[in-house]
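>>> Everything below, folded, please.
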Amino acid sequence: MLVLSLIMLFVCIVMPLGFAWSLWRADEASLAGWLVTAAYAATLVFLVMAVGRWDIAGDYLRWAVLAMFVLALVLSFFRHRHRPLRAPDGRPIWRSHWPTIMPLVVFLAGAIHVGLGMIAPTEARELTFPIKDGRYMVVHGGNSVLINYHQAHAPQAYAVDIVGLNAAGVRASGVHPQELGSYAIFGARVVAPCSGEVVEVADGLPDLTPPRADTENPAGNHVVVACNGLLVLLAHLREGSVAVETGEAVTVGQALGAVGNSGNTTEPHLHIHAVLEGTGSVLTGEAVPILFDGRHPIRNAVFAR
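Residues are numbered from 1 along each chain as shown. This next block holds a predicted model:
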């Protein structure tokens, strides 16, 4: 896990800054050549911004890195804007820049796929954001497997995983601390995202030390609320924190429990997904896309409460 996180930090920070430097140093003979170079850099930076784990690299740092890239892009454009459209030697752009154009096509296809996954489906159902007090970031969410690994499992295709952000704009003190209290979201108050009836409750499972996981109890301590034709699961709650019982009526915003690290999870976060009532259990039913307060919860989206 530590190695993967360090690789992610490299991708999120060093790569965009490297592309910014390459644009700053670019000296293309033609405007068309510059456009190819700029499109390649911009496409990869878009993918890094959309797919990268900015809860690890830092929410504030992401905007600083993006600003530096945009500045380099603008300054590079002004340096090239009066150059001829075609190269002075008359060679077609595809001949002189084919090593850039070929991967650009591949990465552009990936960027389009991710971009489409960031669009909220028309059938998405409205819920209230399920955590109180703080700043939170979506780490898995959207309609593409590149930004939401839950897409690979049909009943949870539109599931959302949420972590907290501390004052530094990261999810924890350290890259992968073992102390649960080091995670900004641990102990955060979980509330009902809709008004309805509690139909399932589990409590008493231990909060595990990261990266240990309980694969036999995937949802860990959890609450399932039936509302508006949906079954909504809120999972990985803190041991002993569940504040409702099966059969209890709840209203939107009512306390359900607190975020913990129980079940099949490697670090504290809140998992939430919805299925259509009557299509199976909350773990086997037909997945329904959800919105939080009118917003599509895609990876790296920040919600402040």
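>>> Contacts made by the helix or strand of the chain with the lowest mean pLDDT with the rest, please.
Scoring the helices and strands of the chain by mean pLDDT, DSSP states H and E places helix 2-9 at the bottom, with a mean of 76. The contact list for helix 2-9 (CB atoms under 8 Å, 6 or more residues apart in numbering) reads 52-53, 56-57, 175-176. No exception for glycine: its C-beta is placed from N, CA and C like everyone else's.
>>> for stretch 235-248, same thing?
Identification of contacts with stretch 235-248 by CB under 8 Å, 6+ apart yields 186-187, 190, 197-207, 218-223, 250, 254-263, 265, 268-272.
>>> before we move on, back to that, buried set for the next helix or strand after the least confident helix or strand of the chain?
Sequence order places helix 15-25 as the next helix or strand after helix 2-9, per DSSP states H and E. The neighbour-count check on helix 15-25 (16 or more other CB atoms under 10 Å) flags 15-17, 19-20, 23 as buried.
>>> List the strands paired with the helix or strand hosting Ala258, with their directions.
Per DSSP H and E: Ala258 is located in strand 255-258. Here strand 255-258 has these sheet partners by DSSP bridges: strand 189-191 (antiparallel).
>>> Now the element after the partner strand, going C-ward?
Note on strand 189-191: by DSSP H and E, the next helix or strand toward the C-terminus is strand 196-202.
>>> In its sheet, which strands sit next to that following strand, and in what direction?
Taking DSSP bridges as the criterion, strand 196-202 sits next to strand 221-227 (antiparallel), strand 249-250 (antiparallel) in its sheet.
>>> Show residues contacting that strand.
Residues outside strand 196-202 that contact it (CB under 8 Å, 6+ apart): 217, 219-228, 231-232, 242, 244-250, 282.
>>> then it to CSV, C-alphas only?
Listed next in CSV are the C-alpha coordinates belonging to strand 196-202 (Å, rounded to 0.1, in the frame of the first residue of the first chain):
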residue,chain,number,x,y,z
GLY,A,196,-37.5,6.4,5.7
GLU,A,197,-37.3,3.2,7.8
VAL,A,198,-34.3,1.3,9.1
VAL,A,199,-34.5,-2.2,7.7
GLU,A,200,-31.1,-3.6,8.7
VAL,A,201,-28.5,-2.9,11.4
ALA,A,202,-25.2,-4.4,12.3
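>>> average model confidence for it?
Confidence for strand 196-202, expressed as mean pLDDT, is 98.
>>> Buried residues of it, list them for me.
If you call a residue buried by 16+ other CB under 10 Å, then strand 196-202 has these buried ones: 196, 198-199, 201-202.
>>> Look through this structure and report the residue furthest from the middle.
No residue in the chain sits farther from the centre than Asp89, which is 46.0 Å out by CA atoms, centre = their mean.
>>> give the contact list for it.
Neighbour list for Asp89: Ala29 [criterion: CB under 8 Å, 6+ apart].
>>> give me the low-pLDDT residue ranges for the chain?
Filtered on pLDDT under 70, the chain yields the residue ranges 1-2.
>>> Strands of that one, residue ranges please.
Applying DSSP state E to the chain gives strands spanning 125-127, 135-140, 160-165, 189-191, 196-202, 221-227, 230-237, 249-250, 255-258, 270-276, 287-288, 290-292, 302-304.
>>> Compute the inter-axis angle for the longest one and strand 196-202.
For the pair strand 230-237 and strand 196-202, the angle between their directions (axes from the mean of the first three to the mean of the last three CA atoms, to 10 degrees) equals 40 degrees.
>>> Next, the angle strand 270-276 makes with strand 230-237.
Between strand 230-237 and strand 270-276, the angle comes out at 160 degrees (the same axes, to 10 degrees).
>>> How far off centre is strand 230-237?
With CA atoms, centre = their mean, to the nearest Å as the basis, strand 230-237 stands 18 Å off its chain's centre.
>>> what does the last one give?
Distance of strand 302-304 from the chain centroid (CA atoms, centre = their mean) equals 12 Å.
>>> Point out the other helices and strands that that strand packs with.
When contacts are defined as 3 or more CB pairs under 8 Å, 6 or more residues apart in numbering; DSSP states H and E, strand 302-304 sits against strand 135-140.
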